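Colleague: quick check, what structure comes out for this input:
(chains A and B)
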Amino acid sequence: SQQGEEDPQALSIQEGENATMNCSYKTSINNLQWYRQNSGRGLVHLILIRSNEREKHSGRLRVTLDTSKKSSSLLITASRAADTASYFCATGIIQGAQKLVFGQGTRLTINP
Amino acid sequence: DAGITQSPRHKVTETGTPVTLRCHQTENHRYMYWYRQDPGHGLRLIHYSYGVKDTDKGEVSDGYSVSRSKTEDFLLTLESATSSQTSVYFCAISESQTGDQPQHFGDGTRLSIL
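Modeller: Residues are numbered from 1 along each chain as shown, chains lettered A, B, ... in the order given. Predicted coordinates:
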């Protein structure tokens, strides 16, 4: 079953603009993670936010988490052509091992 | 990049044949995972391992088995491949159970079953 639903499914913006992607989920979580996937490659971890955190920054990335609304957002500021990729949210639930449940992803295209 | 190698990177085979995919890590991480990625489904967990000889099922485990005889290797086997198992398969590793951990992914195996 799909835990994370991402919105939009595709986003196309001009270089230098900000990109915002949203993720909603259904059950209680321990953390929420964002990953990037370039075409033909594996996923690369971007940022992890714990369930007791509300906002986290890493370079040009800003992630928010609202556990009351079961939603998260990823903001990429001052986008670059190299940011073109698919972005996935994944909810982390620790039951023995930590298991991740991924959303379907947002395809981001940065136009020069 | 985390030291994760998946082999083969591409494979084409016929329905009914057995297929084994290998994930090899050089990070000495305890946890290893197999996912499949299909259009419209994101990544779905097939099986995972929490130590040598310790494995458990994920969301979509039917038709798949796994084995882990050494810390560094995690094998995924399709005993009798079906066309519905055509997919891109990703291996991931993570360091420990305690706390919240990112997972590190290999570059995937593209498997086509004709």
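Colleague: B:Asp107 against A:Arg41, yeah?
Modeller: Yes: if you go by Cβ atoms under 8 Å, B:Asp107 and A:Arg41 touch, sitting 5.6 Å apart. All C-beta atoms are positioned from the backbone trio N, CA, C, and that covers glycine.
Colleague: can you check which strand is longest in chain A?
Modeller: Longest strand in chain A by number of residues, with DSSP state E as the criterion: strand A:85-95.
Colleague: which strands or helices does that strand pack on?
Modeller: Packing contacts for strand A:85-95, counted by 3 or more Cβ pairs under 8 Å, 6 or more residues apart in numbering or on different chains; DSSP states H and E, involve strand A:5-7, strand A:19-24, strand A:31-37, strand A:43-50, strand A:71-76, strand A:97-102, strand A:106-111, strand B:42-51.
Colleague: more crowded one of B:Asp107 and A:Arg41?
Modeller: B:Asp107 (17 against 13; other Cβ atoms under 10 Å in any protein chain shown).
Colleague: now the more buried one: how far from A:Gly42?
Modeller: 5 Å (Cβ to Cβ, to the nearest Å).
Colleague: now A:Ser79
Modeller: 22 Å.
Colleague: quick one: contacts for A:Asn111?
Modeller: A:12-15 (Cβ atoms under 8 Å, 6 or more residues apart in numbering or on different chains).
Colleague: same list (the residues you listed) but as TSV, adding secondary structure and pLDDT.
Modeller: What follows is the contacts of A:Asn111, written out as TSV (DSSP: H, G, I helix; E, B strand; the rest coil; pLDDT from 0 to 100):
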residue	secondary structure	pLDDT
A:Ser12	strand	97
A:Ile13	strand	97
A:Gln14	strand	97
A:Glu15	coil	97
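Colleague: out of these, who's the most crowded?
Modeller: A:Ile13 (16 neighbours).
Colleague: contacting residues for the closest residue to that one other than its chain neighbours?
Modeller: Closest residue to A:Ile13 apart from its sequence neighbours, by Cβ to Cβ, 6 or more residues apart in numbering or on different chains: A:Ala19 at 5.6 Å. Residues in contact with A:Ala19 (Cβ under 8 Å, 6+ apart) are A:11, A:13, A:75-76, A:79, A:83, A:108, A:110.
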